[in-house]
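Any chance you could fold what I've pasted below:
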Amino acid sequence: HERASELNSAKAKWQHHYHHNHNPSRTHSSTMNAPERYQAFYLPDGETKIEYEKDTKVPHAATFRIKKEDHTLGNLLTSQLHKDPKVLFAGYKVPHPLEYDFVLRIQTTHDHSPQRALAVAIHECITEVRILAKSWKDEVARVETERGKPTADAFF
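Reported below is the predicted structural model:
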């Protein structure tokens, strides 16, 4: 009987804590420690978008901190870097979920630099996006012509 009483007391305390902290009518937000949304993309004047640090222990390797970006760009660049035969390693991480930047690490062959590999990967991503946008616009124009009515305005 005493054990059941202890369990009921613990359950009551947990329920009070849960309802007190998860009540949607309370004025505080569950994201009260989260940064303001604009901080995800706003780069203050004078702050650099990409920071470079050469690796002093591993040859032909460097770390880049890319600010105000997230997994979307980190994964895209890493995937593009993996296509380059002169890139030996490429990987990224987001150091903290409430910080809007990621760290990209690149190691290349002796005849290629990590900076050059990143520049080429960025250029190739931009080229692929332009090709994709043109293909999309061409297909929308084809469908408009086929249907005899405009549909592109709904997308652009």
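
ok, residues contacting stretch 34-41?
Here stretch 34-41 makes contact (C-beta atoms under 8 Å, 6 or more residues apart in numbering) with 68, 70, 98, 100. Heads up, the C-betas are built off the backbone N, CA and C, glycines and all.

Give the closest residue to the last one in space, chain neighbours not counted.
Leaving aside its chain neighbours, Tyr100 sits nearest to Ala40 (4.6 Å; criterion: C-beta to C-beta, 6 or more residues apart in numbering).

Using JSON lines, please lay out the contacts of stretch 34-41 together with secondary structure and distance to Gly91.
As requested, these are exported to JSON lines (DSSP: H, G, I helix; E, B strand; the rest coil; distance: C-beta to C-beta, whole Å):
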{"residue": "Lys68", "secondary structure": "coil", "distance to Gly91": "20"}
{"residue": "Asp70", "secondary structure": "coil", "distance to Gly91": "15"}
{"residue": "Leu98", "secondary structure": "coil", "distance to Gly91": "21"}
{"residue": "Tyr100", "secondary structure": "coil", "distance to Gly91": "19"}
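
what about the residue nearest to Tyr100, neighbour count?
13 (other C-beta atoms under 10 Å).

what about it, distance to Gly91?
From Ala40 across to Gly91, the span is 22 Å (C-beta to C-beta, to the nearest Å).
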